[in-house]
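Asker: I would like the atomic coordinates for the input below:
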Amino acid sequence: MKEEQYSLENGRLTLIDPELNLHIEEDFNPDLLPDELEKNTKLPGGLKLKVLQDQHGVCSEALLEKEGKTEGQCCLYYPRGELKGVSYYKGGHLHGPSRFLNEDGSILAESWYIKGNRQGKVRHYFASGRLNSLQSYVNGELEGTQSYYFEDGSNKTHMQYRKGLLHGQTLLFFENGLSKREINFVNGKRKGIERQWFEDGQILIECEFDGEIPVGAHKRWHSNGQVAEERVYSDQAGKFDIRQWNVDGILLREGVYDNEGKYTQRIWSDEGDLQEERAGYWDGKKMCWGDA
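Answerer: All right, here's what the predicted structure looks like:
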């Protein structure tokens, strides 16, 4: 198995990434910008130099055109002349490496394109030079693991994609390293158990979805560990029983359906005094107040 390789050297464009089942090797020798950037300069091979300036007349972008399409090297510049970005085009489409730089020349981002579509690994960096994110594309769509990091290098977010859709486990973390959120997706929709935590590790939310439809028991907790809310969903989307408690565990609200679909809601004060009681019913799509 070949090792991962991303390069444009000696007229050869190579994108090899076994993790993504990506293997592209082709001849690519893009035309480069001339040393002197003079507006509308005509170059050999039918190329034309195009120079864009900012409001102060300073060059902000230089590119090559051929038959009305961007072709070859394209560069962006900071107001003081430092290189801001460099990319390459083929027939009007991004093709090959594309890089963005800090004013000091350090790299901020690097991605690769084939005929206008992102292919392979995309890396973004903090100004410090540390890795900010590592994304993966196949034919312009997110594919596989997408990873994001805090500046100290610790994990921030990991997401799994398949053909441009969230697919698999998504994990989020606090800067202290503890889990923040855990979600599962199938073809872009939540499926299975989702959990969220407070920054100290105490559970905040636990719920379940089946294709974005809430199912089963959904619970939310106060920061002291006391249950704050529980919803129990029926087999009809949007229909659920609910109970809510204050931080001391005193029941404040209860709304439940009986076997015939009648809904009764009761609300209590923090002292346990009943303040409201009302009835409703499920009409097949939503809860309605009053008698059926």
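Asker: hey, let's count contacts and neighbours off CA atoms from now on
Answerer: OK.
Asker: List of residues touching the host helix or strand of residue 61?
Answerer: Taking DSSP states H and E as the criterion, residue 61 maps to strand 59-66. Identification of contacts with strand 59-66 by Cα atoms under 8 Å, 6 or more residues apart in numbering yields 33, 37, 46-54, 70-79, 81.
Asker: What residues of that strand count as buried?
Answerer: 59-66 (16 or more other Cα atoms under 10 Å).
Asker: and the contacts of strand 59-66, which are buried?
Answerer: By 16+ other Cα under 10 Å, the contacts of strand 59-66 give 33, 47-51, 70-79 as buried.
Asker: pLDDT weak spots in the stretch 1-150 of the chain?
Answerer: 1, 40 (pLDDT under 70).
Asker: Do a quick rundown of the strands in it.
Answerer: Ranges of strands in the stretch 1-150 of the chain, per DSSP state E, counting those that start in this stretch, are 5-9, 12-17, 22-27, 47-53, 59-66, 69-77, 83-90, 93-101, 107-114, 117-118, 120-125, 131-138, 141-142, 144-149.
Asker: quick one on the thing from earlier: from the buried ones among the contacts of strand 59-66, pick the one nearest residue 129.
Answerer: residue 78 (18.9 Å; Cα to Cα).
Asker: Which of the helices or strands spans residue 175?
Answerer: With DSSP H and E as criterion, residue 175 is part of no helix or strand.
Asker: Now the two most distant members of the buried ones among the contacts of strand 59-66.
Answerer: Greatest spacing in those, by Cα to Cα: 47 and 79 (26.0 Å).
Asker: low-confidence ranges in the stretch 151-292 of the chain?
Answerer: Using pLDDT under 70, the stretch 151-292 of the chain drops low at 292.
Asker: List of residues touching stretch 153-173?
Answerer: Outside stretch 153-173, the residues touching it (Cα under 8 Å, 6+ apart) are 130-131, 138, 141-150, 174-175, 177, 179-189.
Asker: Could you check how far residue 35 is from residue 176?
Answerer: 49 Å (Cα to Cα, to the nearest Å).
Asker: try residue 92
Answerer: Taking Cα to Cα, one finds residue 92 at 46 Å from residue 176.
Asker: again with residue 21
Answerer: Relative to residue 176, and taking Cα to Cα, residue 21 is found at 35 Å.
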